[in-house]
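Just to be clear, the model below is a prediction. Sequence and coordinates:
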Amino acid sequence: MPERSVEFLVVGGGIAAGNCARHLREEGAEGDILLVGREPDPPYSRPPLSKTYLRGEESRADILFRPEEWYPEQRIDLLTRTSVTSLDVDARVAKLSNKEEVRFDRALLATGSNVRILRVDGGHLAGIHYLRTIGNSDALREEASRAERIALIGGSYIGTELAASFTALGKRCEIVMLEDVTLERMCGQEVGRFFQNALAEHGVKVHGGQELERFEGDERVQKVVTRSGLEIDCDFVVIGAGVTPDIMLAQRAGLETATGVVVDRYLESSAPGVFAAGDIAEYDSVVHDRTLRIEHWDVAFNQGKYAALNMLGKQREYDVVPYFWSDLADWCSMEYVGPASDWDEVWIRGSLEEGRFTAFYVQGGRVAAALTVGRSDDLTVASRLLKEKTDVSGMRARIEDAEADIAELG
């Protein structure tokens with residue numbers, strides 16, 4: 001027999017799990033809530049790990065989702081350093097790594113992602129790092145305190161944000177990436193080059209179109225070598241090669257999975273009463289009329305809330321337009337709504353040269369995404385146009401006129 005019973009089981013220690021537990025209580029849940037996370041820390045925000053936390057501008061307490069005392073105050077039983085090892089969705093029983101068995105009525109799976117490990121020669125050497133947790137960020141800060149030259153593998157969010165942060169700390173950084181231009185896959189070459197130029201202006205060397213061949217060093221990494229023969233001397237390396245959703249528990253439980261855990265527009269999985277949110281949720285998007293799986297803080301945060309509402313029977317479609325942001329130290333910040341996997345045209349409102357612009361990514365006469373630096377009001381309009389599926393095919397001149405009022409477009 002299970003050792004205890006709870007009404008709500010929340011699996012995962014990230015922002016989706018924390019916000020789900022919060023909204024269960026705020027929306028009137030009276031039953032027991034058990035939140036189980038494998039990390040040593042309670043739920044916290046990951047974005048600062050490559051930025052303000054890494055640079056020492058925020059503390060561990062600053063980035064926690066809620067103070068540790070909040071959980072008992074809200075009658076939320078928090079188990080850290082604990083994993084759910086198996087889930088019987090028919091019997092409604094979960095087995096935990098601490099040997100406990102728990103019966104539950106409804107559950108949220110928010111198990112997040114694991115970093116993608118690169119299998120290359122020399123990958124075992126000391127001084128090669130990945131960033132996912134507070135502990136990883138602490139290790140990077142310690143490494144940086146005695147280093148001068150840092151190599152970053154990957155030209156997306158992690159690689160560019162870390163390069164900016166380390167440079168702000170006085171280090172020399174070089175980025176090695178497969179793409180020709182930083183952030184190219186998300187925002188295209190023209191806009192991606194804006195961010196690459198910002199990095200270069202602050203001394204970051206960017207090596208595009210380079211495939212990693214191997215790492216070299218005696219016990220500890222000393223050099224990065226690419227397929228083309230480029231060699232970069234370094235004191236340590238950080239690899240930002242993306243993440244893979246952690247769907248093993250869901251697969252073992254027999255839930256429908258694809259690239260993530262397949263859920264409907266209410267974030268409910270193929271097992272009634274079992275929901276998924278955050279990085280693992282491959283959801284039926286009523287905004288995009290297709291399935292999406294998104295690995296960003298704001299999406300996880302909002303999905304945690306909507307999952308809670310629907311675990312309480314409120315039947316709320318998840319209809320939030322995905323929103324992302326990224327900062328390159330205090331040099332520049334981007335905001336983005338979308339996402340767009342493809343586009344026909346990019347309409348630029350404002351000036352890339354002046355560093356104040358919005359890029360509208362248009363596909364089939366509709367806004368598929370928008371990215372802004374310094375023009376947040378434009379993003380509000382773009383988000384509405386995207387959600388309402390507005391035909392903007394005749395609006396290019398007005399949208400590209402930086403002085404025109406576009407608030408009433410639609």
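Cool, got the structure. Note that the coordinates shown come from a computational prediction; the quantities given were computed from them, not determined experimentally.

Can you give the domain ranges for the protein?
4-114+245-311, 117-239, 340-400 (automatic domain parsing).

what residues are up against the residue positioned nearest the centre of the chain?
Closest to where the C-alpha atoms of the chain average out (CA atoms, centre = their mean) is residue 296, at 2.8 Å. Shown in contact with residue 296 (CB atoms under 8 Å, 6 or more residues apart in numbering): 322, 323, 324. Glycine gets a C-beta too; all of them are placed from N, C-alpha and C.

Would you mind measuring from the first one to residue 364?
Distance, residue 322 to residue 364, by CB to CB, to the nearest Å: 19 Å.

thinking again about what came up before, tell me which of the domains of the chain lies nearest to residue 334.
domain 340-400 (5.5 Å; CB to CB).

Show me the helices in this structure, by range?
15-26, 60-63, 70-73, 134-144, 157-168, 184-201, 248-252, 297-311, 376-387, 396-400 (DSSP state H).

Quick one: the ones you listed as CSV, columns for mean pLDDT too.
CSV is the format used below for those (pLDDT from 0 to 100):
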stretch, mean pLDDT
helix 15-26, 98
helix 60-63, 98
helix 70-73, 98
helix 134-144, 98
helix 157-168, 98
helix 184-201, 96
helix 248-252, 98
helix 297-311, 98
helix 376-387, 96
helix 396-400, 97
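
Looking at those, which is nearest to residue 331?
helix 184-201 (5.3 Å).

Packing partners of that closest one?
Judged by 3 or more CB pairs under 8 Å, 6 or more residues apart in numbering; DSSP states H and E, the packing partners of helix 184-201 are helix 157-168, strand 205-207, strand 323-328, strand 332-337, strand 345-351, strand 356-363, strand 366-373.

How far does the first one sit from its chain's centre?
The gap between where helix 157-168 is centred and where its chain is centred comes out at 16 Å by CA atoms, centre = their mean, to the nearest Å.

Kindly report the same for the last one.
Its chain's C-alpha centre lies 18 Å from the corresponding centre of strand 366-373 when counted by CA atoms, centre = their mean.

Residue 21 touches residue 9, doesn't it?
No - taking contacts as CB atoms under 8 Å, residue 21 lies outside contact range of residue 9: 10.4 Å.

Please indicate which of the contacts of residue 296 are buried?
322, 323, 324 (16 or more other CB atoms under 10 Å).

can I get these in a markdown table with pLDDT and distance to residue 3?
Formatted as a markdown table, the buried ones among the contacts of residue 296 follow (pLDDT from 0 to 100; distance: CB to CB, whole Å):
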| residue | pLDDT | distance to residue 3 |
| --- | --- | --- |
| 322 | 97 | 39 |
| 323 | 97 | 41 |
| 324 | 95 | 41 |
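
out of those residues, which one sits closest to residue 52?
residue 324 (17.0 Å).

list the contacts for residue 32?
Per CB under 8 Å, 6+ apart, neighbours of residue 32: 5, 6, 7, 8, 75, 77.

Could you export the domains of the chain as JSON lines, including distance to residue 407?
Converted to JSON lines, these look like this (distance: least, CB to CB, whole Å):
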{"stretch": "domain 4-114+245-311", "distance to residue 407": "20"}
{"stretch": "domain 117-239", "distance to residue 407": "23"}
{"stretch": "domain 340-400", "distance to residue 407": "6"}
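
closest to residue 408 out of the ones you listed?
domain 340-400 (8.9 Å).

so how far is the first residue of the closest one from its last?
When the termini of domain 340-400 are compared using CA to CA, to the nearest Å, they are 19 Å apart.

quick one, what contacts the closest residue to residue 370 other than its chain neighbours?
In this structure, residue 370 finds its nearest non-sequential neighbour in residue 382, 3.4 Å apart by CB to CB, 6 or more residues apart in numbering. Shown in contact with residue 382 (CB under 8 Å, 6+ apart): 337, 358, 360, 367, 369, 370, 372.

gap between residue 382 and residue 339?
For residue 382 relative to residue 339 (CB to CB), the value is 12 Å.

Need the residues touching each of the two.
In contact with both residue 382 and residue 339: residue 369, using CB under 8 Å, 6+ apart.

Tell me which residues are up against stretch 305-317.
8, 16, 19-24, 27-29, 106, 108, 110, 265-268, 273, 275-277, 286, 318, 320.

Buried residues of that stretch, list them for me.
305, 306, 307, 308, 309, 310, 311, 312.

Could you single out the nearest of those residues to residue 114?
residue 307 (21.2 Å).

can you tell me how far that closest one sits from residue 142?
36 Å.

and the buried residues of stretch 305-317 as CSV, adding distance to residue 350?
Below are the buried residues of stretch 305-317 laid out as CSV (distance: CB to CB, whole Å):
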residue, distance to residue 350
305, 33
306, 33
307, 37
308, 38
309, 37
310, 39
311, 43
312, 43
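
about what we covered before: looking at the residue nearest to the centre of the chain now. What's its pLDDT?
Per-residue confidence for residue 296 comes out at a pLDDT of 96.

ditto for residue 341
Reading off the model, residue 341 has pLDDT 86.

Equivalent analysis for residue 97, please.
According to the model, residue 97 carries a pLDDT of 96.

rewinding a little: among the contacts of residue 32, which one has the most neighbours?
For these, neighbours were counted using other CB atoms under 10 Å, and residue 8 has the most, 23 neighbours in all.

related to what we said a few turns ago, please identify which pair of the contacts of residue 32 lies farthest apart.
5 and 75 (14.9 Å).

which stretches of the chain have low pLDDT?
Across the chain, the ranges flagged by pLDDT under 70 are 1-2, 410.

on that earlier part again, out of the buried residues of stretch 305-317, flag the one nearest to residue 169.
Looking across these and measuring by CB to CB, the closest to residue 169 is residue 305, at 35.3 Å.

Hmm, residue 66 is touching residue 22, no?
Yes - between residue 66 and residue 22 there is a contact under CB under 8 Å: 7.2 Å.

ok, those two, which is more surrounded?
Set residue 66 next to residue 22 and count neighbours by other CB under 10 Å: residue 22 wins out with 21 against 18.
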